[in-house]
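# Fold the following and give me the result.
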Amino acid sequence: NLDLLLQILCDPNRTINRLILDGNHLTSDYTNAVVHLAEALGSKSSELEELHLWDFNTDNEGVHAISNFVKTASSLCVLYLHRCKIDSVGAFFIGESLQTNTCIKELNLRGNLIRDNGAIALADAL
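All right, here's what the predicted structure looks like:
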């Protein structure tokens, strides 16, 4: 349940270093879920090292929310956004976050809808 997950993520007494939600169908409204998830993760931005969100069918609003989280996630080293329907606009958002967060060592964007201009935006960020 998404609400329970958000409560756990916001609990100040819990430390979360790795969050893997691959193929998890927490809700039918993926964009809303991703936005709320990014907000909750914002409170954990200094401790989360690894985030996996495979098969989250979100839109650019959701990708923008995750990208804003990534900008402040000072310890995030691994980001997997495999098959999340990220397009070139979303790739631009991710590229922006990579310019701010230089800790990311592993990024997986396989299986998305990124075209040439999105790939160029990512390459420029790196």
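# going forward, measure contacts between C-alpha atoms and count neighbours the same way
Noted.
# So, low pLDDT: which residues of the protein?
25-31, 44-46 (pLDDT under 70).
# which stretches of it form strands?
For the chain, strands defined by DSSP state E occupy the ranges 18-20, 50-52, 78-80, 106-108.
# now these as CSV including distance to residue 72 and mean neighbour count?
What follows is the strands of the chain, written out as CSV (distance: least, C-alpha to C-alpha, whole Å; neighbours: other C-alpha atoms under 10 Å):
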stretch, distance to residue 72, mean neighbour count
strand 18-20, 16, 13
strand 50-52, 14, 19
strand 78-80, 13, 18
strand 106-108, 16, 13
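# need those strands in CSV with distance to residue 118, can you?
Below are the strands of the chain laid out as CSV (distance: least, C-alpha to C-alpha, whole Å):
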stretch, distance to residue 118
strand 18-20, 25
strand 50-52, 21
strand 78-80, 17
strand 106-108, 14
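# mind checking which of those strands is nearest residue 87?
Closest approach to residue 87 among these (C-alpha to C-alpha): strand 106-108, 14.0 Å.
# quick one: strands adjacent to the closest one?
For strand 106-108, the paired strands and their directions (DSSP bridges) are strand 78-80 (parallel).
# ok now the strand it pairs with, how far from the chain's centre?
Strand 78-80 has its C-alpha centroid displaced from the chain centroid by 8 Å (C-alpha atoms, centre = their mean, to the nearest Å).
# Fine by me, we can end here.
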